[in-house]
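>>> Give me a 3D structure for the following:
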Amino acid sequence: MTDDLKALEDPAYWGPFSSQADEIMAKANSPAMYAQTMSTEPVIFTERCAHDIVELRFENLPEHSIKVVYEILPKALELYLRKTKDYGGFSGGLGPKAPFVDMWRKIIKLKRCMWDGEPLRFEQTDEIVMDLIGTCLNILAEMGENGVRQPTPS
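As a prediction, the model looks like this:
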């Protein structure tokens with residue numbers, strides 16, 4: 001009996017050795033496994049984790065966009081969220097055309113500051129531009145119908 005068990009220790013008894021993991025790795029490393037090309041287009045994944053928590057994941061960002069997404073977008077979104085908390089709606093029920101007046105007022109302020117050199121007394125240019133981003137988001141939300149944007153009839 002001892003001799004029978006000893007034979008089991010001999011690699012020749014079992015033949016060539018390969019584990020299932022080795023076979024899977026060999027298949028995974030073959031070029032045919034990835035014949036389908038991966039998209040390099042920028043993509044954003046959203047996940048609603050709770051009633052007041054949403055996570056965003058950005059992939060395939062062009063190098064020049066990383067600063068915008070990593071540094072500027074969070075500040076603009078935070079300002080937007082803080083300010084809309086006070087208003088409690090997109091345009092007070094007045095529709096997507098209502099924010100245009102506010103946008104126009106802010107654009108005139110920006111023109112005076114950036115083109116005419118007039119100093120700003122309260123809001124600075126970055127906050128005004130972020131407000132414009134927030135206003136544009138509100139307009140898009142007002143225009144939405146079941147998650148699809150609809151053009152505003154003229």
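
>>> For the chain, which segments count as strands?
With DSSP state E, the ranges of strands along the chain come out as 43-50, 53-59, 144-145, 148-149.

>>> what about the chain, any weak spots by pLDDT?
Filtered on pLDDT under 70, the chain yields the residue ranges 1-3, 14-18, 32-37, 88-89, 91-93, 95-96, 145-154.

>>> can we see that at 90?
Per-residue confidence for the chain (pLDDT under 90) gives these ranges: 1-41, 82-103, 122-123, 135-154.

>>> how close does residue 85 get to residue 51?
15 Å (CB to CB, to the nearest Å). Yep, even glycine has a C-beta here, placed from its N, CA and C like the rest.

>>> sorry, back to before: make CSV out of the strands of the chain and add mean neighbour count.
Output for these, formatted as CSV (neighbours: other CB atoms under 10 Å):
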stretch, mean neighbour count
strand 43-50, 9
strand 53-59, 10
strand 144-145, 10
strand 148-149, 10
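
>>> Using JSON lines, lay out the ones you listed together with distance to residue 78.
Converted to JSON lines, these look like this (distance: least, CB to CB, whole Å):
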{"stretch": "strand 43-50", "distance to residue 78": "17"}
{"stretch": "strand 53-59", "distance to residue 78": "13"}
{"stretch": "strand 144-145", "distance to residue 78": "22"}
{"stretch": "strand 148-149", "distance to residue 78": "24"}
